[in-house]
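# Predicted coordinates and the sequence they were generated for:
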Amino acid sequence: MAQILAFAGSNSSKSINYELVKYTASLIKDHEVQLLNMVNFPFPMFSEDYERENGYSNSLVELKEDLVKADGVIISVNEHNSGPSAYFKNLTDWLSRVERKFLEDTPVFLMATSNGKRGGMGALEITQNVLPRFGAEVVASFSLPSFGETFNKGEGIVSADLAKAHREALNQFLGKL
């Protein structure tokens, strides 16, 4: 049984990416999934001055340790102005300072969603190129466009084609664990 860490790249209390991660985690039956709501992980904006004066918070070190221990990671990144959110960028900045390769040899299922037709593709593409710098192996990716139309909290992904593509990407990720 593998240990999977799942979270969204958003710290919004109404994050649709967190809804997608939560739904994805609910589909996994043969592994242990630790689902994190990043609302509970506030971090100051990274700066070398702040780091020098204050060091690393316990929650940052614990998150890094959870990432290092995980056999696989599921992340759904949100998009702001065609790129990952400042929160997610800040999170990776902090994590990389604690340990540069905080995702060393870790299979990652990378997702994104938005209410637009591109489904967060800008943030997904950027993140897919950046995570390997931290040691990640992005095994599968999935974009869910038009979240308000294609996702229902009670049912999950309501489009049969998108649900199938999501399940195939998830199975590809699970096959690497």
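Perfect, thanks for sending it. Small disclaimer: the values here were computed from a predicted structure and weren't measured. Residues are numbered from 1 along each chain as shown.
# what comes up buried for stretch 51-66?
L60, L63, K64 (16 or more other C-beta atoms under 10 Å). In short, each C-beta sits where N, CA and C put it, glycine included.
# Spell out which helix or strand contains the first one, please.
Okay, so that is L60. Applying DSSP states H and E as the criterion places L60 in helix 58-69.
# I'd like to know which elements that helix is packed against.
Here helix 58-69 touches strand 3-8, strand 32-36, helix 86-98, going by 3 or more C-beta pairs under 8 Å, 6 or more residues apart in numbering; DSSP states H and E.
# Follow the chain on from the last one and name the next helix or strand.
I take that to be helix 86-98. strand 106-113.
# Same question for the shortest one.
Counting by DSSP H and E, the next helix or strand C-terminal to strand 32-36 is helix 48-54.
# Not counting its own residues, what contacts that next one?
With contacts defined as C-beta atoms under 8 Å, 6 or more residues apart in numbering, helix 48-54 is touched by P44, R97.
# Renumber starting at 99 from here on
From this message on, residue numbering opens at 99, which makes the last subject helix 146-152.
# Residue most distant from the centroid, this structure?
The outermost residue of the chain, judged against the average C-alpha position, is E151 (29.0 Å), by C-alpha atoms, centre = their mean.
# Check the spacing between that residue and V159 real quick.
Computed as C-beta to C-beta, to the nearest Å, the E151 to V159 distance reads 17 Å.
# related to what we said a few turns ago, which one, of the helices and strands packed on helix 156-167, ends up nearest to I114?
Each of the helices and strands packed on helix 156-167 has some distance to I114 by C-beta to C-beta; the shortest is strand 101-106, at 8.5 Å.
# Just the CA trace of the next helix or strand after that closest one, in CSV.
Once strand 101-106 ends, the next helix or strand along the chain (criterion: DSSP H and E) is helix 114-124. Below are the C-alpha coordinates for helix 114-124, written out as CSV (Å, rounded to 0.1, in the frame of the first residue of the first chain):
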residue,chain,number,x,y,z
ILE,A,114,-12.2,24.4,-7.2
ASN,A,115,-8.8,22.8,-7.5
TYR,A,116,-9.1,21.5,-4.0
GLU,A,117,-12.5,20.1,-5.0
LEU,A,118,-10.9,18.3,-7.9
VAL,A,119,-8.1,16.9,-5.6
LYS,A,120,-10.6,15.8,-3.0
TYR,A,121,-12.7,14.0,-5.7
THR,A,122,-9.6,12.4,-7.2
ALA,A,123,-8.5,11.2,-3.7
SER,A,124,-11.9,9.6,-3.1
